[in-house]
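Enquirer: how would this look folded up:
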Amino acid sequence: MDLQVVQIRKRSEVIVEENKTVISELQTVKNNLFDLNERHLDLQMRTVRDNLIFDGIPEAQEEDIEAVLKEFIHTVMGIEEGIQFHRVHRLGRKIPNKHRPIIAKFVLFKERERVRREAPATLVGKPFGVNEQYPKAINDRRKLLYPHYKQAKRQNRKAVMVADKLFVDNVRVYRSDPLPDDRLVPNRNHYAPAIPMESAPSSKYRSTLRLNVTLPSASNPELRVANTKTRITIESKTPDV
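Expert: Residues are numbered from 1 along each chain as shown. Predicted coordinates:
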């Protein structure tokens, strides 16, 4: 009887150690998935870095959208140099009595930057807007940080938001939970999370990671179940232009 107890205890210790190994491996997979998702987001960001979104430009029944945008940049924004585009189109389905935004992919990044930088001054008080394009996951992070950006501005502090990163007084702010007006402080433990994997949009881009995990059998600790496959699929949509 004592021998059986000793054997059971040893087997239990083996199971505990194997479970620790499995947990460690799964944590590694989780970290790798996060890194893979961040790299994919970076790739998405690069595909739209030359794009700008123009809001408020009236939409006609039949229109040459590129010509409309060039006329807007020339007459409303006062930029006389000829701007070149790879592609220009309106976003979404046409809705009666509404003007869809225009998205434009610039040929030259420096021309895109000039239009973006001059927009605040040239469009102040006008019903138009010019914004950078970001993937949905980045926009979700920006929404979490935007209240803190506005809060810092109310405090007359230097606040700059670059993509999904917020800097206040040249210090990066990581918090994503609401803060009182007098407690806006950096905190690396509350980084704005990425878009949840289960709510990622469908895509033609797909990355699959397979992990072979060896687990102990529940009925027999000495019997090992090999080649148990865990398949994890990441899906995300690269914005079109």
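
Enquirer: And the helices in the chain?
Expert: 2-47, 65-75, 109-122, 136-154 (DSSP state H).

Enquirer: Domain ranges for the chain, per the record?
Expert: Taking automatic domain parsing as the reference, the chain has its domains at 21-47+198-236, 51-132.

Enquirer: Which among the ones you listed is found nearest to R172?
Expert: Ranking the domains of the chain by their distance to R172 (criterion: Cβ to Cβ) puts domain 21-47+198-236 first, at 15.8 Å. Every residue, glycine included, has its C-beta placed from N, CA and C.

Enquirer: circling back: minimum distance to V173: which of the helices of the chain has it?
Expert: Of the helices of the chain, nearest to V173 by Cβ to Cβ is helix 136-154, at 5.9 Å.

Enquirer: What angle do helix 2-47 and the closest one make with each other?
Expert: 80 degrees (axes from the mean of the first three to the mean of the last three Cα atoms, to 10 degrees).

Enquirer: pLDDT on helix 136-154, on average?
Expert: Averaging pLDDT along helix 136-154 yields 87.

Enquirer: helices or strands up against it?
Expert: helix 2-47, strand 159-162, strand 165-168 (3 or more Cβ pairs under 8 Å, 6 or more residues apart in numbering; DSSP states H and E).

Enquirer: got the helices of the chain as CSV, with distance to K165 and mean neighbour count columns?
Expert: What follows is the helices of the chain, written out as CSV (distance: least, Cβ to Cβ, whole Å; neighbours: other Cβ atoms under 10 Å):
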stretch, distance to K165, mean neighbour count
helix 2-47, 12, 12
helix 65-75, 29, 16
helix 109-122, 17, 14
helix 136-154, 8, 17
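
Enquirer: Which one, of the ones you listed, ends up nearest to V130?
Expert: helix 109-122 (3.8 Å).

Enquirer: Any chance you could list what contacts that closest one?
Expert: Residues from elsewhere that reach helix 109-122, judged by Cβ atoms under 8 Å, 6 or more residues apart in numbering: 49-52, 73, 76-79, 81, 83-84, 106, 129-130, 132.

Enquirer: Could you export that helix as CSV, CA atoms only?
Expert: Provided in CSV are the C-alpha atoms of helix 109-122 (Å, rounded to 0.1, in the frame of the first residue of the first chain):
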residue,chain,number,x,y,z
PHE,A,109,4.7,61.1,-49.6
LYS,A,110,6.0,64.6,-49.3
GLU,A,111,3.0,65.9,-51.2
ARG,A,112,0.7,63.9,-48.9
GLU,A,113,2.5,65.4,-45.8
ARG,A,114,2.2,69.0,-47.2
VAL,A,115,-1.6,68.6,-47.6
ARG,A,116,-1.9,67.0,-44.2
ARG,A,117,0.1,69.7,-42.4
GLU,A,118,-1.6,72.6,-44.2
ALA,A,119,-5.1,71.3,-43.6
PRO,A,120,-5.6,72.6,-40.0
ALA,A,121,-4.8,76.2,-41.0
THR,A,122,-6.5,76.3,-44.4
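
Enquirer: Show me how far that helix is from its chain's centre.
Expert: 23 Å (Cα atoms, centre = their mean, to the nearest Å).

Enquirer: Check stretch 157-177 too.
Expert: 16 Å.

Enquirer: Ok, stretch 27-47 next?
Expert: Worked out by Cα atoms, centre = their mean, stretch 27-47 lies 10 Å from the chain centre.
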